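Engineer: model the structure of this input:
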Amino acid sequence: MNKNRNLLIIVLIALVNMLGYGIVIPILYAYSKRFGLNDFQNGLLFSIYSICQFVSTPIIGRLSDRYGRRPMLLISIIGTAVSFFTMALAPNAIFLFIARAIDGLTAGNIPVAFAVISDSTSPDERAKSFGFIWAALNFGFVFGPATAAFTVGLGASVPFFIAGAITLVAVVMTAIYLPETNKHMREIEDKKLFDLPKLWHTLFDPDLGEVFIITFVFFLAFSCALIYGFQPFTMKILKVSQTENAVLFTIFGIIGLISQTFLVGYVSKSFGLKKAFSISILFTVIAFIIMFVSRSVFIFIVGMIVLGLFNNIVQTLIPTILSQETDERSQGSIMGLNASYQSIGMIIGPILGGAIATIAIPLPFIVGAGLVFVCFLISFKVLRSGLKKESAF
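Structural biologist: Residues are numbered from 1 along each chain as shown. Coordinates of the predicted model:
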């Protein structure tokens, strides 16, 4: 019963995380224009979150190993709520930057949430449980932009107040209902909370290095092709309107929701964790190639459906594999490190996409396909032993 309750609360946290993100991101550009920010300054505003998240997630993950999951989750979610209310009440542009920095610095809730699932479930149940978390993220990605679209007409700051209020609900539920799940607090050695050389050396760890490399390269490709490349391609090549673009994003979110809810557990059990991981990465390559060659909305949607189905399986199985390959005491640290590599990829990816799109607008998709193919080749080296070892993290 406790396991089900823990999963329910963690799913709510994931939903709040992406619902807030989905509400804020579609309107942040227009909202910031009210404060006189130019395009370059807007780029900095969007990137400051990922930069701060890169620094904070391994720290929050390690602190959750040392002091418990529950206090770190509460700090993280409260930080998100504060950031939303700060943006809603911002008197000038400086407060927008402060708000995004606060959200990034406390953005450890998803890695710690994964650690809670690792604490609360057996290895055989984790792929399905992580799938529910990613389903919640996709649910938020579907309904966040819709919420923003319906409420921004009531006032430019109203969506930010709504995002903050939703986040406070998660704070209350976590405080009241989530027990502490870390039974190994203070068992890990006292080490640096943020160790940049260690972040580099973990890429060469014999058990986990390949998975961390895949995380970095995969999210680099994803943010290059989808986060940056998507809208220029659909609007300039496919000639769709902003409303149609929103529909495409909604389709992608719905497909991802279906994938996380019904497909992840089935595929991982039917093919085994390793084979499911490699196959899903390969289909992600195929999806980016379809999107690259498409010159009609129909073909592009086909590529999006393939991407929505298999990209979400990859993103779910990465933390599943990491949880299998490290000991119970270091789950928070490992998830925090993984989130840092994800953040690095998502800092660099849009910059890379913007640079190569100046040569040709479709190029981010084919570059993304090439990068994900590298992940496919590396994937054959993961889970070689399938044995959980004492972690050095």
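Engineer: in the helix or strand hosting Ser32, what's buried?
Structural biologist: For Ser32, the enclosing helix or strand under DSSP states H and E is helix 2-33. Neighbour counts over helix 2-33 (16 or more other Cβ atoms under 10 Å) mark 6-7, 9-28, 31-32 as buried. Any C-beta I mention is one placed from the backbone N, CA and C, and that applies to glycine too.
Engineer: now for it, which elements pack on it?
Structural biologist: Applying 3 or more Cβ pairs under 8 Å, 6 or more residues apart in numbering; DSSP states H and E, one finds that helix 2-33 contacts helix 39-67, helix 69-88, helix 93-105, helix 109-120, helix 123-151, helix 158-177.
Engineer: just the angle for that helix relative to helix 93-105, thanks.
Structural biologist: Computed by axes from the mean of the first three to the mean of the last three Cα atoms, to 10 degrees, the angle separating helix 2-33 from helix 93-105 equals 160 degrees.
Engineer: mind checking how far helix 2-33 is from the chain centre?
Structural biologist: 11 Å (Cα atoms, centre = their mean, to the nearest Å).
Engineer: avg pLDDT for it?
Structural biologist: Across helix 2-33, pLDDT averages out at 74.
Engineer: closest to Ile313 out of the helices and strands packed on helix 2-33?
Structural biologist: helix 123-151 (8.3 Å; Cβ to Cβ).
Engineer: any idea of the mean pLDDT in the closest one?
Structural biologist: Here helix 123-151 scores 74 as its mean pLDDT.
Engineer: helix or strand with the lowest mean pLDDT in the protein?
Structural biologist: Here the helix or strand of the chain ranked lowest by mean pLDDT, DSSP states H and E is helix 196-201, holding a mean of 67.
Engineer: by contact count, what packs against the helix or strand following that helix?
Structural biologist: With elements assigned by DSSP H and E, the helix or strand that comes after helix 196-201 is helix 209-222. Packing partners of helix 209-222 (3+ Cβ pairs under 8 Å, 6+ apart): helix 273-293, helix 297-324, helix 331-357, helix 363-379.
Engineer: if we can go back for a sec, any idea which of the helices and strands packed on helix 2-33 is most buried?
Structural biologist: helix 109-120 (a mean of 27; mean count of other Cβ atoms under 10 Å).
Engineer: doesn't Ser268 belong to a helix?
Structural biologist: Yes. Per DSSP: H, G, I helix; E, B strand; the rest coil, Ser268 lies within a helix segment.
Engineer: how many other residues sit next to it?
Structural biologist: 25 (other Cβ atoms under 10 Å).
Engineer: touching, it and Thr320? I think so.
Structural biologist: Yes. With contact defined as Cβ atoms under 8 Å, Ser268 counts as touching Thr320 (7.5 Å).
Engineer: pLDDT weak spots in the stretch 101-250 of the chain?
Structural biologist: 108, 123-124, 126-127, 134, 184-199, 206-207, 227-228, 242-243, 245-246 (pLDDT under 70).
Engineer: which residues touch the closest residue to Gly253 other than its chain neighbours?
Structural biologist: Nearest non-adjacent residue to Gly253, counting by Cβ to Cβ, 6 or more residues apart in numbering: Val142, 3.6 Å away. Residues counted as contacts of Val142 (Cβ atoms under 8 Å, 6 or more residues apart in numbering) are 22, 250, 253-254, 257.
Engineer: Serialize those residues to CSV and add fields for distance to Phe130.
Structural biologist: As requested, the contacts of Val142 are exported to CSV (distance: Cβ to Cβ, whole Å):
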residue, distance to Phe130
Gly22, 20
Thr250, 23
Gly253, 18
Ile254, 19
Leu257, 14
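Engineer: how near is Ser241 to Asn311?
Structural biologist: Using Cβ to Cβ, to the nearest Å, one obtains 25 Å as the distance from Ser241 to Asn311.
Engineer: would you turn the helices and strands packed on helix 2-33 into a markdown table with distance to Lys183?
Structural biologist: Output for the helices and strands packed on helix 2-33, formatted as a markdown table (distance: least, Cβ to Cβ, whole Å):
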| stretch | distance to Lys183 |
| --- | --- |
| helix 39-67 | 11 |
| helix 69-88 | 10 |
| helix 93-105 | 28 |
| helix 109-120 | 7 |
| helix 123-151 | 16 |
| helix 158-177 | 18 |
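Engineer: quick one, domains of this structure?
Structural biologist: By the assignment in automatic domain parsing, the chain contains the domains 1-178, 196-382.
Engineer: secondary structure class for Lys183?
Structural biologist: Lys183 ends up coil, using three-state DSSP.
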